[in-house]
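Asker: Prediction below, plus the sequence it came from.
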Amino acid sequence: MASTKRLKKIRQRREKRVRSKIVGTETRPRLSVFRSSRYIYVQAIADDVGRTLAQASALDKELKENLRGLKKIETAREVGKMLAKDLLSKNIKEAVFDRGRFLYHGRVKCLAEGVREMGVKL
């Protein structure tokens with residue numbers, strides 16, 4: 001069995017490899033995803049100015065009440081829709097998707113689909 005230190009190093013290497021190819025700007029921010037075992041979080045980051053433009057998570061007060069009883073995949077889709085609404089209100093129509101160290105399937109994929117459903121191009 002792999003040690004915890006070794007697994008952490010592998011995760012960091014994977015995350016660095018994915019992020020080395022992605023850069024966000026103010027007009028086309030990077031959507032950075034973090035997935036814990038229970039919740040999902042996403043941020044729209046403009047790397048050129050070093051600022052977070054928008055964020056959404058399953059813990060947001062507006063969403064938390066509506067998410068009761070939903071599966072994790074459905075929750076991720078709703079979080080993506082909420083972020084997309086926020087981006088569209090700031091007149092941002094394109095973004096770069098950053099999956100980080102997570103595979104593009106399941107909750108991460110549903111979050112991206114939720115963003116696309118609202119009209120933001122990834």
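Answerer: Nice, thanks for sending it over.

Asker: So which bits of the lowest-mean-pLDDT helix or strand in the chain are buried?
Answerer: Considering only helices and strands, the least confidently modelled element of the chain by mean pLDDT, DSSP states H and E is helix 61-64, at a mean of 87. Under the neighbour-count criterion of 16 or more other Cβ atoms under 10 Å, helix 61-64 has residue 63 buried. No exception for glycine: its C-beta is placed from N, CA and C like everyone else's.

Asker: Contacts for that helix, please.
Answerer: The set of residues external to helix 61-64 that reach it, using Cβ atoms under 8 Å, 6 or more residues apart in numbering, is 56-58, 78-79, 82.

Asker: Can you flag which of those belong to helices?
Answerer: Secondary structure of the contacts of helix 61-64 is defined by DSSP state H; positions in helices are 78-79, 82.

Asker: Adding neighbour count, distance to residue 29 and pLDDT, write the residues you listed out as CSV.
Answerer: Conversion of these to CSV gives the following (neighbours: other Cβ atoms under 10 Å; distance: Cβ to Cβ, whole Å; pLDDT from 0 to 100):
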residue, neighbour count, distance to residue 29, pLDDT
78, 20, 20, 95
79, 28, 16, 96
82, 23, 15, 95
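
Asker: ok so, going back, spatially, which two of the contacts of helix 61-64 are the most separated?
Answerer: 57 and 78 (10.8 Å; Cβ to Cβ).

Asker: give the contact list for the residue lying closest to residue 73 once chain neighbours are set aside.
Answerer: Nearest-residue entry for residue 73: residue 110, 4.8 Å, with adjacent residues in sequence omitted and distances by Cβ to Cβ, 6 or more residues apart in numbering. Counting by Cβ under 8 Å, 6+ apart, residue 110 touches 73-74, 76-77, 80.

Asker: I'd like to know how many residues surround residue 95.
Answerer: Around residue 95 there are 26 other residues, counting by other Cβ atoms under 10 Å.
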